[in-house]
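Undergrad: Quick one, fold the following:
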Amino acid sequence: MLQRLIDDVKESTGSALRLTSLAAAAAIALFITLAFLCAAAFVYVLQHYGPVEACLSGAALFLVVTLIAVGVYTARKREMRRRAEKAAKAAKSAAATMLADPALIATALQIVRAVGVKRLIPILAVGGLALGLMASRGAAGHNEAEEEE
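TA: Just a heads-up that it's a prediction; the model follows:
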């Protein structure tokens, strides 16, 4: 059973690697194609209007492409921020609802009685440590996202 799981992981990894290399080859080909198209446009404008106009038209084209990319990036970033805020609000409301539920509190008290306080303290300590590690990991990811802004 374990061997089958390992074989599945190897197969999916190999497949992902092949797809990634194909995507990289396509991206390189697209880049070269765009470079030749830009060169052809430059030469055409150069022959008809002159060197200054050719350089300015190339710069204007790349400025427009850059502005479009910045606009898409900004819109995507705002959407991600909205989704994160919505998810945080949903998590807060879910936690508040759970803590206000009397059935949950009664169940927690029954678990404490069944397990015992002396046995429950190490379990809570390990849970608190895991929660702290997850929170620090989430805060690190949040700080990295803010640094990218």
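
Undergrad: Please make it C-alpha for all contacts and neighbour counts, starting now.
TA: Fine.

Undergrad: now the helix or strand where Tyr73 lies, how far from the centre of its chain.
TA: Element membership for Tyr73 (DSSP states H and E) is helix 51-100. With C-alpha atoms, centre = their mean, to the nearest Å as the basis, helix 51-100 stands 12 Å off its chain's centre.

Undergrad: And for stretch 101-111?
TA: The answer for stretch 101-111 is 37 Å, by C-alpha atoms, centre = their mean.

Undergrad: How about stretch 17-27?
TA: Stretch 17-27 sits 20 Å away from the centroid of its parent chain (C-alpha atoms, centre = their mean).

Undergrad: in this structure, which ranges drop under the pLDDT threshold?
TA: 1, 95-96, 98-99, 138-149 (pLDDT under 70).

Undergrad: repeat that for 90
TA: Residues of the chain meeting the criterion pLDDT under 90: 1-23, 58, 84-149.

Undergrad: List the buried residues in stretch 91-110.
TA: With burial defined by 16 or more other C-alpha atoms under 10 Å, not one residue of stretch 91-110 is counted as buried.

Undergrad: Can you measure across it, start residue to end residue?
TA: 25 Å (C-alpha to C-alpha, to the nearest Å).

Undergrad: Show me the contact partners of that stretch.
TA: By C-alpha atoms under 8 Å, 6 or more residues apart in numbering, no residue outside stretch 91-110 reaches it.

Undergrad: and Ser57, how many neighbours?
TA: 16 (other C-alpha atoms under 10 Å).

Undergrad: Contacts only, for it.
TA: Ser57 neighbours (C-alpha under 8 Å, 6+ apart): Phe42, Val45.
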